[in-house]
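A.B. asks: sharing a model prediction with you, sequence too.
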Amino acid sequence: VNLKEMTEDQRPHAFDLLKASLSAKGLEKSRNIMRLNETIRELTQRLDEYGEGLYHLTVMGEPSDSQPWGWQLDGHHLVINYFILRDQVVMTPAFMGSEPIRAETGKYAGTVVLQDEQDKALAFMNALSADQQKQATLQSEKTANNSLAQAFRDNLVLDYAGVRVSGLSAAQKKQLLDVIAEYVGNMSAGHAKVRMQEVEKHLDETYFAWIGGTSPDAVFYYRIHSPVILIEFDHQTPVALPGPRVPGKAHIHSVVRTPNGNDYGKDLL
């Protein structure tokens with residue numbers, strides 16, 4: 001059911017489900033993506049295509065403390081799949097993006113998203129040695145969209161690429177974990193802690209790959225890939241906004257998946 005079609009009494013219950021499932025930061029990020037979808041509606045006047053209420057909530061199965069069930073929030077630049085089996089949760093695939101990433105005017109002026117995911121990764125890349133950066137870099141020039149694990153790529157099998165984390169210093173590993181936590185931390189705190197423990201267990205099997213420059217104003221793509229998590233971040237070409245059709249910081253896509261068959265909790269099922 002579309003959020004826009006819900007009654008004023010129903011809609012708060014939908015957001016209560018999100019509130020119970022996500023961290024405070026994850027909920028605020030999701031809401032801000034919706035708000036920025038209203039901003040692009042204001043800017044383009046494409047009223048049927050964009051808007052903060054144009055998100056569908058689906059419940060799969062019967063909510064239960066013993067049987068598998070889940071929910072999905074699906075709309076422009078925001079897709080969250082949330083699988084529950086007793087005390088286990090899988091929150092992938094998860095897609096978060098925005099165009100624009102900042103509202104300069106309008107109803108939600110000042111709203112901004114995905115800057116920590118952007119800035120922390122750039123800082124991490126610049127903390128690598130010259131040799132490590134060379135290993136991580138797949139292409140030094142970013143001329144197109146580079147995401148591989150978006151729609152229709154469920155349980156994608158992808159070769160590892162970039163620099164292997166096992167060769168990094170303890171400080172560099174900690175900095176990378178902080179980047180990963182920006183994505184995992186969208187889940188409620190207890191489940192995020194369990195997920196990060198899983199990520200840390202496989203940290204030495206993790207790879208970090210980069211496309212683009214490393215200057216403060218650079219546009220780039222990066223991928224963090226291990227046996228248990230696949231993260232992509234991509235500065236995209238404009239779609240709704242005017243300007244040259246080259247990648248820029250005003251349009252961002254990010255995606256998180258669980259490799260080896262556990263997207264949507266499939267492996268648990």
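C.D. replies: Thanks, I have it.
A.B. asks: surely K193 is in a helix?
C.D. replies: Yes. The assignment for K193 (DSSP: H, G, I helix; E, B strand; the rest coil) places it in a helix.
A.B. asks: pretty sure P259 contacts I231?
C.D. replies: No. P259 is not in contact with I231 according to Cβ atoms under 8 Å; the separation is 10.7 Å. The way it works is simple: take the backbone N, C-alpha and C, and place the C-beta from them, glycine included.
A.B. asks: which neighbours do those two share?
C.D. replies: Taking Cβ atoms under 8 Å, 6 or more residues apart in numbering as the contact rule, P259 and I231 both touch H225.
A.B. asks: more neighbours: the two, which one.
C.D. replies: It is I231, of P259 and I231, that has more neighbours when counted by other Cβ atoms under 10 Å, with 25 against 18.
A.B. asks: the more buried one pairs with what?
C.D. replies: I231 has the following beta-bridge partners by DSSP bridges: I224, V256.
A.B. asks: surely it meets Y183?
C.D. replies: Yes. Counting by Cβ under 8 Å, I231 touches Y183, with 5.5 Å between them.
A.B. asks: going along the chain, name the helices of this protein.
C.D. replies: For the chain, applying DSSP state H gives helices covering 11-21, 24-44, 115-127, 130-136, 170-184, 189-201.
A.B. asks: ok now the second one, how far from the chain's centre?
C.D. replies: This points to helix 24-44. Using Cα atoms, centre = their mean, to the nearest Å, the distance from the centre of helix 24-44 to the centre of the chain it belongs to is 14 Å.
A.B. asks: cool, the fifth one as well?
C.D. replies: Relative to its chain's centre, helix 170-184 lies at 15 Å (Cα atoms, centre = their mean).
A.B. asks: skipping adjacent residues, who's closest to N155 in space?
C.D. replies: Of all residues not flanking N155 in the chain, D263 sits nearest, at 5.1 Å (Cβ to Cβ, 6 or more residues apart in numbering).
A.B. asks: give the contact list for that neighbour.
C.D. replies: Taking Cβ under 8 Å, 6+ apart as the contact definition, D263 lies against 81, 90, 92-93, 154-155, 257.
A.B. asks: cool, and I80?
C.D. replies: 22, 30, 72-73, 91, 94-95.
A.B. asks: what pLDDT does it get?
C.D. replies: Listed pLDDT for I80 reads 98.
A.B. asks: quick one: which of the helices of the chain is nearest F220?
C.D. replies: Closest of the helices of the chain to F220 is helix 115-127, at 7.1 Å (criterion: Cβ to Cβ).
A.B. asks: what's in contact with the closest one?
C.D. replies: 101, 133, 136, 171-172, 175-176, 178-179, 182-183, 208, 210, 214, 216, 218, 220, 222, 233, 249, 252, 254.
A.B. asks: what residues sit buried inside it?
C.D. replies: Applying a neighbour-count criterion of 16 or more other Cβ atoms under 10 Å, one finds 116-118, 120-122, 124-125 buried in helix 115-127.
A.B. asks: hmm, back to that, pLDDT and distance to K4 added to the contacts of I80, as JSON lines?
C.D. replies: Compiled in JSON lines, the contacts of I80 are given as follows (pLDDT from 0 to 100; distance: Cβ to Cβ, whole Å):
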{"residue": "L22", "pLDDT": "98", "distance to K4": "21"}
{"residue": "S30", "pLDDT": "98", "distance to K4": "16"}
{"residue": "Q72", "pLDDT": "98", "distance to K4": "17"}
{"residue": "L73", "pLDDT": "98", "distance to K4": "13"}
{"residue": "M91", "pLDDT": "98", "distance to K4": "24"}
{"residue": "A94", "pLDDT": "98", "distance to K4": "22"}
{"residue": "F95", "pLDDT": "98", "distance to K4": "20"}
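A.B. asks: could those be laid out in CSV, adding neighbour count and distance to G106?
C.D. replies: Conversion of the contacts of I80 to CSV gives the following (neighbours: other Cβ atoms under 10 Å; distance: Cβ to Cβ, whole Å):
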residue, neighbour count, distance to G106
L22, 24, 25
S30, 21, 19
Q72, 16, 28
L73, 22, 23
M91, 25, 30
A94, 25, 27
F95, 22, 24
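A.B. asks: narrow the residues you listed to those in strands?
C.D. replies: Counting by DSSP state E, the members of the contacts of I80 that fall within strands are 72-73, 94-95.
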